[in-house]
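K.L.:
Coordinates for the following, if possible.
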Amino acid sequence: MPPRNPDIPARRGGIERGVHRHGQRRVAIELRFNTVLGLAINRFPAQGIVLSGVSNVIQGNFIGTDTTGTLARDNGSFGIWVKSLGNQIGGTTAAARNVISGGNNTGIYIYNTSSNVVQGNYIASAPRARTRWAITQRRRN
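P.N.:
As a prediction, this is how the structure comes out:
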């Protein structure tokens, strides 16, 4: 069973949707040593979270679902796009686990970086599927 976290939809409360310089809305983490903990991040037109700052922690969130993990609340693209190093996504306890689902085209997309830890998350194509897949890593040649 996914962790139960407070209902703080990113589109209404805990985090304001920002507009990126290219016009895309998402939770953009461009600085280092931030923690995103216990939020529902859903219904963004592009990625749910973009990590371009180093050494951030993403834990206990519902990304692309409602706070029960049972209803799809799609983001338009990746659930989490990782463009920096040293980030922790999920962890070894149930409370640290992220539920990433709801029709994102890739749950976690890691691009041209290293030294990131992705651990203990539920990543699936549909809510409650509980499979561990949909992680894509790509390096520039």
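
K.L.:
where does this structure have low pLDDT?
P.N.:
1-26, 102-104, 125-141 (pLDDT under 70).

K.L.:
Run through the strands of it in chain order.
P.N.:
Chain-ordered strands for the chain, with DSSP state E as the definition, fall at 18-19, 25-29, 35-37, 40-41, 49-51, 57-59, 62-63, 80-82, 88-90, 99-100, 108-111, 117-119, 122-123, 135-138.

K.L.:
surely Asn105 meets Asp74?
P.N.:
No - counting by Cβ atoms under 8 Å, Asn105 stays clear of Asp74, with 9.6 Å between them. Yep, even glycine has a C-beta here, placed from its N, CA and C like the rest.

K.L.:
Could you check which of those two has the larger neighbour count?
P.N.:
Asp74 (18 against 15; other Cβ atoms under 10 Å).

K.L.:
What about Leu71, how many residues nearby?
P.N.:
14.

K.L.:
Phi and psi next, for it.
P.N.:
As for Leu71, its main-chain torsions (degrees, to the nearest 10) stand at phi -120, psi 130.
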